[in-house]
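**Student:** Would you be able to build a 3D model of this:
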Amino acid sequence: MPTIVCENIHRKIPSLNGGATLHDSLQAEGVRVFKGAKNYCPFTLLCHGRGWCGNCTIEIVSGSENLNPVTGLERKQFGPDPGSHRLACQCAARGDVTIRIRP
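**Tutor:** Take a look at the predicted model:
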(Lines give C-alpha, C1' and ligand atoms only; values in the text may rest on other atoms or scores of the structure.)
Protein backbone atom coordinates (compact mmCIF):
# COMPACT_ATOMS: atom_id res chain seq x y z
CA MET A 1 0.00 0.00 0.00
CA PRO A 2 1.47 3.41 -0.95
CA THR A 3 2.42 5.83 1.81
CA ILE A 4 2.00 9.60 1.76
CA VAL A 5 4.67 11.31 3.84
CA CYS A 6 3.64 14.81 4.95
CA GLU A 7 7.07 16.32 5.45
CA ASN A 8 6.12 19.57 7.13
CA ILE A 9 3.82 18.01 9.72
CA HIS A 10 5.88 14.83 10.27
CA ARG A 11 3.11 12.34 9.45
CA LYS A 12 2.99 9.16 7.37
CA ILE A 13 -0.44 8.46 5.92
CA PRO A 14 -1.50 5.24 4.18
CA SER A 15 -3.03 5.86 0.78
CA LEU A 16 -6.60 4.61 0.53
CA ASN A 17 -7.24 1.79 -1.93
CA GLY A 18 -9.27 2.09 -5.09
CA GLY A 19 -7.63 5.12 -6.69
CA ALA A 20 -8.62 7.54 -3.94
CA THR A 21 -7.20 11.04 -4.18
CA LEU A 22 -4.52 12.33 -1.84
CA HIS A 23 -7.18 14.60 -0.35
CA ASP A 24 -9.36 11.59 0.51
CA SER A 25 -6.45 9.72 2.08
CA LEU A 26 -5.31 12.73 4.10
CA GLN A 27 -8.83 13.61 5.24
CA ALA A 28 -9.41 10.00 6.37
CA GLU A 29 -6.47 10.43 8.77
CA GLY A 30 -7.60 13.84 10.01
CA VAL A 31 -5.02 15.85 8.04
CA ARG A 32 -6.51 19.08 6.70
CA VAL A 33 -4.96 20.45 3.53
CA PHE A 34 -7.08 23.56 3.02
CA LYS A 35 -5.95 27.14 3.48
CA GLY A 36 -8.10 29.32 5.66
CA ALA A 37 -8.98 29.86 9.27
CA LYS A 38 -6.75 27.56 11.28
CA ASN A 39 -5.72 25.95 7.96
CA TYR A 40 -9.14 24.37 7.56
CA CYS A 41 -12.19 25.17 5.49
CA PRO A 42 -15.04 22.68 5.32
CA PHE A 43 -14.77 20.72 2.06
CA THR A 44 -18.47 21.25 1.41
CA LEU A 45 -18.01 25.02 1.21
CA LEU A 46 -15.40 24.80 -1.51
CA CYS A 47 -15.52 23.02 -4.88
CA HIS A 48 -16.20 19.47 -3.60
CA GLY A 49 -12.98 18.11 -5.12
CA ARG A 50 -13.66 19.36 -8.62
CA GLY A 51 -10.32 21.20 -8.85
CA TRP A 52 -11.83 24.67 -9.22
CA CYS A 53 -10.90 26.47 -6.02
CA GLY A 54 -7.21 25.62 -5.61
CA ASN A 55 -7.45 25.55 -1.82
CA CYS A 56 -5.99 22.05 -1.53
CA THR A 57 -2.67 22.96 -3.16
CA ILE A 58 0.19 20.72 -2.06
CA GLU A 59 3.86 20.63 -2.98
CA ILE A 60 5.35 17.35 -4.21
CA VAL A 61 8.78 16.86 -2.62
CA SER A 62 9.46 13.41 -4.09
CA GLY A 63 7.61 10.59 -5.78
CA SER A 64 5.86 12.63 -8.48
CA GLU A 65 6.37 9.68 -10.82
CA ASN A 66 4.00 7.73 -8.55
CA LEU A 67 1.11 10.14 -9.16
CA ASN A 68 -1.33 10.30 -12.04
CA PRO A 69 -0.50 12.89 -14.73
CA VAL A 70 -1.25 16.57 -14.10
CA THR A 71 -4.88 17.27 -15.02
CA GLY A 72 -6.23 20.07 -17.17
CA LEU A 73 -7.83 21.59 -14.07
CA GLU A 74 -4.43 21.75 -12.39
CA ARG A 75 -2.97 23.46 -15.47
CA LYS A 76 -5.74 26.06 -15.20
CA GLN A 77 -4.80 26.67 -11.56
CA PHE A 78 -1.01 26.72 -11.94
CA GLY A 79 -0.36 27.46 -15.62
CA PRO A 80 1.20 25.23 -18.28
CA ASP A 81 4.08 24.19 -15.99
CA PRO A 82 2.76 23.55 -12.47
CA GLY A 83 6.25 22.63 -11.25
CA SER A 84 6.01 20.75 -7.98
CA HIS A 85 2.52 21.98 -7.12
CA ARG A 86 -0.56 19.80 -7.41
CA LEU A 87 -4.14 19.79 -6.16
CA ALA A 88 -4.69 17.08 -3.54
CA CYS A 89 -8.20 16.53 -4.91
CA GLN A 90 -6.86 15.77 -8.39
CA CYS A 91 -4.02 13.34 -7.77
CA ALA A 92 -3.86 9.76 -6.58
CA ALA A 93 -0.79 7.86 -5.42
CA ARG A 94 0.24 4.61 -7.10
CA GLY A 95 3.39 4.47 -4.99
CA ASP A 96 5.07 6.32 -2.15
CA VAL A 97 5.07 10.11 -2.30
CA THR A 98 6.40 12.87 -0.03
CA ILE A 99 4.48 16.13 0.10
CA ARG A 100 4.24 19.44 1.92
CA ILE A 101 0.74 20.55 2.73
CA ARG A 102 -0.21 24.25 2.64
CA PRO A 103 3.07 25.20 0.91
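**Student:** tell me the secondary structure for the nearest residue to Thr71 once chain neighbours are set aside?
**Tutor:** Excluding its sequence neighbours, the residue lying closest to Thr71 (CB to CB, 6 or more residues apart in numbering) is Gln90, at 4.8 Å. In short, each C-beta sits where N, CA and C put it, glycine included. Recorded secondary structure, Gln90: coil (DSSP: H, G, I helix; E, B strand; the rest coil).
**Student:** I'd say Gln90 and Trp52 touch.
**Tutor:** No: taking contacts as CB atoms under 8 Å, Gln90 lies outside contact range of Trp52: 10.4 Å.
**Student:** Who has more neighbours out of these two?
**Tutor:** Gln90 (21 against 14; other CB atoms under 10 Å).
**Student:** wait, what's in contact with the more buried one?
**Tutor:** Applying CB atoms under 8 Å, 6 or more residues apart in numbering to Gln90 gives the contacts Thr21, Gly51, Thr71, Leu73, Glu74.
**Student:** if you look at these, which of them are in helices?
**Tutor:** In this view, the contacts of Gln90 that belong to helices under DSSP state H are Leu73, Glu74.
**Student:** Make JSON lines out of the contacts of Gln90 and add distance to Glu65, pLDDT and neighbour count.
**Tutor:** As requested, the contacts of Gln90 are exported to JSON lines (distance: CB to CB, whole Å; pLDDT from 0 to 100; neighbours: other CB atoms under 10 Å):
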{"residue": "Thr21", "distance to Glu65": "17", "pLDDT": "93", "neighbour count": "20"}
{"residue": "Gly51", "distance to Glu65": "21", "pLDDT": "85", "neighbour count": "19"}
{"residue": "Thr71", "distance to Glu65": "16", "pLDDT": "94", "neighbour count": "16"}
{"residue": "Leu73", "distance to Glu65": "20", "pLDDT": "91", "neighbour count": "16"}
{"residue": "Glu74", "distance to Glu65": "16", "pLDDT": "94", "neighbour count": "20"}
